[in-house]
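Visitor: Need coordinates for the below:
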Amino acid sequence: MAYRSDIIKQGIERMPHRALLYATGLSKSELEKPFIGVASSFTDIIPGHVTMRDLERYVEKGIHSAGGYPFIFGIPGICDGIAMGHSGMQYSLPSRELIADMVEAITNAHQFDGLVLITNCDKITPGMLMAAARLDIPAIIVTAGPMLAGYYKGRRLNLTSDTFEAVGRYKKGLITEEDLIALESCACPGAGSCQGMYTANTMACITEALGMSLPGCATIPAVMAQKKRIAFESGKQIVGLVKNNLTSRQIMNKNAFENAIVIDLTLGGSTNTVLHIPAIAHEAGVDLSLDLFDELSKKTPHLCNMIPGGMHYMQDLDNAGGIPAVLNRLQNMLKHNPTVSGKDIVEIARSAIVFDEEVIRPLDNPYRMEGGIAILKGNIAPAGAVVKQTAVSEKMMKCEGVAKVFDSEEAGLKAILAGEIKAGDIVVIRYEGPKGGPGMREMLSPTSAIVGMGLSDSVALITDGRFSGGTRGPCIGHVSPEAMEGGPIAVLKDGDKIRIDIPNRRIDVDLSDEEIKNRLSNWKQPELKIKHGYLARYARLVSSASSGAIML
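Guide: From the prediction side, this is the model:
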């Protein structure tokens, strides 16, 4: 059969190309096989990626076994946990666009017939999915798997609760220095993406629900041999996808995105999905509105109470049957669609078994009647804002308070740790949006400090930035339009009264339309914080968070 890669290896005029291919060690006998690109985001600095050298080997073995020829190429990655709380976080979300561009460039330059994309952590997975959708060639995703729980003094540990939030507890005098040092050593025991339904694991689950990775891939812990078997089978499967010409857009259509959102909502996943799913859909040519998340959330039950908002770990979800078992619960809500496994998503759902009814509850016994994400609107956020409602206590689902306004994450965190924030305050952190940040930094450090200091049932935080998947409490992000674009959040002042009503999807400041208009007429757009390099280009080109913060 004819392959896409024939353009670089067939015909007399391609003699120089073949000479260069032979220089890599390629044998003449392999020229007739499909060429498969293996995009690996291996790096020594991300715990979720340190096992990828092994996965590369097993993907290669699978491709060879099925009659393909693999070519590994590298893709960079950023560890959000390490980039958190300083200027490094400005590069995290923008790196998503770089990753998509790099996969596109290398794949098209070398005319690969198919792709295996080895990924795991926060912006790398959506970046690779964006590339797969953009390229529209056969592709399959291998996520490297979650980390096992840590352990200390008879209880399980996770990154967010036992490091980020521990800082606030220590500042409050709730834990000793000895405990603080022990938690630092024990919270992350080894390889894998952080243990809860944070952004990396949420995106892995969404990838499987989209149909772009093999069943079970999302939840298998990174250290398990089963992960190597998934990598091997993915290598075999991509060759079949190429031969059958099942391309990414045939899988990632409107049905697939709606299925993925439903699974995201029932899991109580990261609010970052409200940026990533629309961005992937945009590359696939699918129109996906912010309001769809809210529409589906109102009729999707929250069946899995995962950390940080709940108590279950990714290994618990895997033991309970993984994403196929979650699909089984929601099979009547799913839309028929193909997957990279060759099976319809509904077929996968019907054949799965739930092994733990507390980890994946039945429909008649949900943790909450609505899904994890709510979209709020009001005179602070005319174009919308996002909250993970399943991580908010019932007491704070409706609240009001007095604004304490800060123009950067650092200023807000300093005030929180200094004890300047009291019960009834609403912390406002602005100029941290896609343009204003630039890069729309995650606010895990301030949100964790609020929780650690015992203020999550009395203090809310709103921002035009975004939150880590590890954030919990009444934290409303993605406020749009952002401050840098002259959104109403830019003219909030200390002492303004703010009302948050999650059940009714409202976020408002107690000001008249005329007062807001007068304040905005006196507002002047500040200069960009960064004027050179990639972030300066990003700030000029990036769209609003309400449309996925895509680069236009």
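Visitor: Quick check: closest non-adjacent residue to Lys388.
Guide: Excluding its sequence neighbours, the residue lying closest to Lys388 (CB to CB, 6 or more residues apart in numbering) is Thr271, at 5.1 Å. C-beta coordinates here come from the backbone N, C-alpha and C atoms, glycine included.
Visitor: Next, that neighbour: phi, psi?
Guide: Dihedral pair for Thr271: phi -70, psi -20, per degrees, to the nearest 10.
Visitor: Tell me, what's the model's pLDDT at it?
Guide: pLDDT recorded at Thr271 is 92.
Visitor: neighbours around it, how many?
Guide: 28 (other CB atoms under 10 Å).
Visitor: Ala109 too?
Guide: Neighbourhood size, Ala109 [other CB under 10 Å]: 9.
Visitor: helix or strand right after the helix or strand hosting it?
Guide: Using DSSP states H and E, the element containing Ala109 is helix 92-110. Once helix 92-110 ends, the next helix or strand along the chain (criterion: DSSP H and E) is strand 114-119.
Visitor: re earlier: now the helix holding Ala109: how far from the chain's centre is it?
Guide: Offset of helix 92-110 from its chain centre (CA atoms, centre = their mean, to the nearest Å): 17 Å.
Visitor: mean confidence for that helix?
Guide: Averaged across helix 92-110, pLDDT comes to 97.
Visitor: Identify the residues contacting Leu541.
Guide: Leu541 is in contact with Met551, Leu552, counting by CB atoms under 8 Å, 6 or more residues apart in numbering.
Visitor: could you redo the last one with a cut-off of 10 Å?
Guide: When contacts are counted by CB atoms under 10 Å, 6 or more residues apart in numbering, Leu541 touches Pro94, Glu97, Pro434, Lys435, Ile550, Met551, Leu552.
Visitor: tell me the contacts of the last one?
Guide: By that I understand Leu552. Listed by CB under 10 Å, 6+ apart, the contact partners of Leu552 are Arg540, Leu541, Val542, Ser543.
Visitor: do the third one as well
Guide: Applying CB under 10 Å, 6+ apart, we find Pro434 in contact with 93-94, 275, 440, 464-466, 478, 480, 482, 484-485, 538-539, 541-545, 547-551.
Visitor: same thing with Gln315?
Guide: Gln315 touches Gly145, Pro146, Met147, Leu148, Ala149, Arg156, Gly192, Gln195, Thr219, Ile220, Pro221, Met224, counting by CB under 10 Å, 6+ apart.
Visitor: now swap in Asn379 and tell me
Guide: Residues in contact with Asn379, defined by CB under 10 Å, 6+ apart, are Pro488, Arg506, Ile507, Asp508, Val509, Asp510, Leu511, Ser512, Asp513, Glu515, Ile516.
Visitor: per-residue confidence for the first one?
Guide: It refers to Pro488. So Pro488 comes in at 98 (pLDDT).
Visitor: now do Gly173
Guide: pLDDT for Gly173: 89.
Visitor: Roughly how far does it sit from Ile450?
Guide: 16 Å (CB to CB, to the nearest Å).
Visitor: out of these two, which sits in the busier spot?
Guide: Ile450 (28 against 7).
Visitor: Thanks again, I'm all set now.
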